[in-house]
Structure formats: structure tokens, C-alpha cells
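S.K.: A predicted structure for the sequence below; I have some questions about it.
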Amino acid sequence: MTAIAVARASVARRARFVRSALAATVAIALGACAPAITVGVSSATDLAPAAYRTYTWVMPDQFPTGDPRLDNNPFFVETLKRSVNAELQRIGFTEGGANADLTVHFHATVQRGYNVYEVDQHAGYLQPGFDRTQQVREYEEGTVVVDLADRAAKRLIWRGWMQTDLSGAIGNDALLGERVQRGVRKLFEKFPAR
């Protein structure tokens, strides 16, 4: 290899390293300023997760989400299903066919949300960067509900919901995908141990 070829290879390696480092830095920065995701769950009082081994999907609602940009959005639906599949398999479930133990279903909505900072002030704390006057911030509040039902008994056994600010994420597949994956991961951390 000539000196010029060695130099070019070295420059190419440095450029790949810089691109990788930049991508990692951007990902960390986006994660640090990502909006909070609120999750909650409810489950049947007699839920015995070890009694179930397989699951299958039933189609999502055909009702509008409240936002035409998200209605029938194949990227959103596939990302949500992929994320839920990954979490269920991490827990120890296997995707099965028509006779699976559980059915999985989800509902999604987007609506206008409001954050009133004056409420924070009355509670005794302030939002950094805001003055003491009443301030209202409007945003796109996304809610996803994931249901697991006993297929044979046709009985809901576990429901988890997640809610977050989707402002700027609908129409931006990378951002929407990150929020969905992060929300589903956080949601299934609350699934009872098998």
C-alpha cells in the first residue's frame, strides 16, 4: 500500500469515527431533552403471568386517533407492534397463532393537551425559565393503551397505558419511533414478574 493510500484509509477511519461520535452525541442529547412519558397499569387481581405462554395480535381500533397524520399510519402501527413484541418476548412470551393464550390489542389517541405553569407556582415551586405570571403551553398529547386478554375466557387481564407530548414527533418517523419504543419499554417494566 502506498503512503497516499494509507493516508486516505486513515482519513476515512477518522471520518467514520467522527460521524459515529456525532450520531451518539445527538442521540444522547435528544434523549436528555425528550419529554417525560407517564405510564400506568392495572391488572386482574388473580393475574398469574406464569399461566400464559403465547400471545397473538388482534387488529387495532379502526376508529380515528384524533389526528389525521397518525390515523392508519403504518409506521406507527408497525413500530408499536414491534416494540410490544420485543417486550413480551423479553418477558418470556412467544407469539403464537389463533389458539394463543393471550390476545394483544391497542388503542391510540392524540388530543390537545395543556400545561398551566401557575398550578406549579401555587404548589410552591417554579418552572425554570418562566416568570411568575400565568402561562399555558398547548401541546399534542398522545396516549396509547395496550391490553392483554385471556383469549379463551375473553377477559382482560392486564392494561397498560402510556402518555407523552408528541409535539413535533408526528410526521417525524425517527422521533415518533423513539418515543414509542421508549414508552413501551417503560410500560412493560411494570408487567408482573413471571
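M.R.: In hand now; what should we look at?
S.K.: got the CA coordinates for stretch 84-97 in CSV?
M.R.: The C-alpha trace of stretch 84-97 is given here as CSV (Å, rounded to 0.1, in the frame of the first residue of the first chain):
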residue,chain,number,x,y,z
VAL,A,84,-44.6,-4.7,22.2
ASN,A,85,-43.5,-7.9,20.6
ALA,A,86,-39.9,-7.3,21.8
GLU,A,87,-41.0,-6.6,25.4
LEU,A,88,-43.4,-9.6,25.5
GLN,A,89,-40.6,-11.9,24.2
ARG,A,90,-38.1,-10.3,26.7
ILE,A,91,-40.6,-11.3,29.5
GLY,A,92,-40.8,-14.8,28.1
PHE,A,93,-43.9,-15.0,25.9
THR,A,94,-43.9,-16.4,22.4
GLU,A,95,-46.0,-15.2,19.6
GLY,A,96,-48.5,-17.9,18.7
GLY,A,97,-51.4,-18.5,16.3
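S.K.: Please give the centre-to-centre distance between that stretch and its chain.
M.R.: Distance, stretch centre to chain centre, for stretch 84-97: 16 Å (Cα atoms, centre = their mean, to the nearest Å).
S.K.: got the buried residues for it?
M.R.: Within stretch 84-97, the residues that qualify as buried are 84-85, 87-88, 93, counting by 16 or more other Cβ atoms under 10 Å. C-beta here means a position set from N, CA and C on the backbone, and glycine is covered the same way.
S.K.: got a list of contacts for it?
M.R.: Contact with stretch 84-97 is made by 49, 52-56, 102, 104, 106, 146, 184-185, 187-188, 191, 194, as judged by Cβ atoms under 8 Å, 6 or more residues apart in numbering.
S.K.: try it again with 7 Å
M.R.: 52-56, 104, 146, 184-185, 188, 191, 194 (Cβ atoms under 7 Å, 6 or more residues apart in numbering).
S.K.: By neighbour count, which of those residues wins?
M.R.: Val184 (27 neighbours; other Cβ atoms under 10 Å).
S.K.: what about it, helix or strand, and which?
M.R.: helix 173-188 (DSSP states H and E).
S.K.: What are the buried residues along that helix?
M.R.: So, applying 16+ other Cβ under 10 Å, buried residues of helix 173-188: 175-188.
S.K.: No further questions, thank you.
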